[in-house]
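Engineer: what's the 3D shape of this:
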Amino acid sequence: MSQLDIREFGRFDTIVVEQDIPDIVTEGVQGPPGRSGLDGSSDTRIRIEAGEFIPALYPVRVSGGKVYKTDNMSAAVIGLCAEDTQAGFVAEVVFSGGVAATGLVPGAVYFVSDNGISISPPTVGYQMRVGRAARADLFIVNLDLPILLN
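Structural biologist: Numbers count the residues shown, from 1 in each chain. Here you go, the predicted structure:
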């Protein structure tokens, strides 16, 4: 069983995932293959409590063991919220992989903006690419490092 441990260090949050390893391993019959991610990619996600309402595909940061909306004025983006999530409920945060969506511009690259994500890169704060629209209904999360703008 995996445990998620979130620790705060000043401005930066660190996520530590610990996994229990069984003491005895026996060989058995191969199980069925797992599902691949949307669009054939492999997904990386965590589930964590939302500290406020977070819309789908909104960039998030961690504070006090919960996720919150963030924008291009912060470099603390850890991923995108997979679906609308109310405060106090568990949010699924995507680090990489496919997310079902609507109204995307196919082929467009998206950036963290002052109000979620946008195809227009910001001119102040941090510029951070978060992914691209594979189709009008499929977003592929692929986080880049934030670049501080002058």
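
Engineer: what packs against the longest strand belonging to the chain?
Structural biologist: Of all the elements of type strand in the chain, the one with the most residues (DSSP state E) is strand 90-100. In this structure, strand 90-100 makes packing contacts with strand 44-49, strand 79-81, strand 138-142, judged by 3 or more CB pairs under 8 Å, 6 or more residues apart in numbering; DSSP states H and E. C-betas here are computed from N, CA, C, even on glycine.

Engineer: as a whole number, average confidence for the second one?
Structural biologist: Mean pLDDT, computed over strand 79-81, is 95.

Engineer: that strand packs against which elements?
Structural biologist: strand 59-63, strand 90-100, strand 138-142.

Engineer: quick one, what contacts V60?
Structural biologist: Residues in contact with V60 (CB atoms under 8 Å, 6 or more residues apart in numbering) are 54, 67-70, 77-81, 91, 93.

Engineer: let's see if you can find the most crowded of these.
Structural biologist: Within those, neighbour counts (other CB atoms under 10 Å) peak at V67, which reaches 30 neighbours.

Engineer: in its sheet, what does the longest strand of the chain sit against?
Structural biologist: When sheet partners are counted by DSSP bridges, strand 90-100 sits next to strand 44-49 (antiparallel), strand 79-81 (antiparallel), strand 138-142 (antiparallel).

Engineer: no further queries at this time; thank you.
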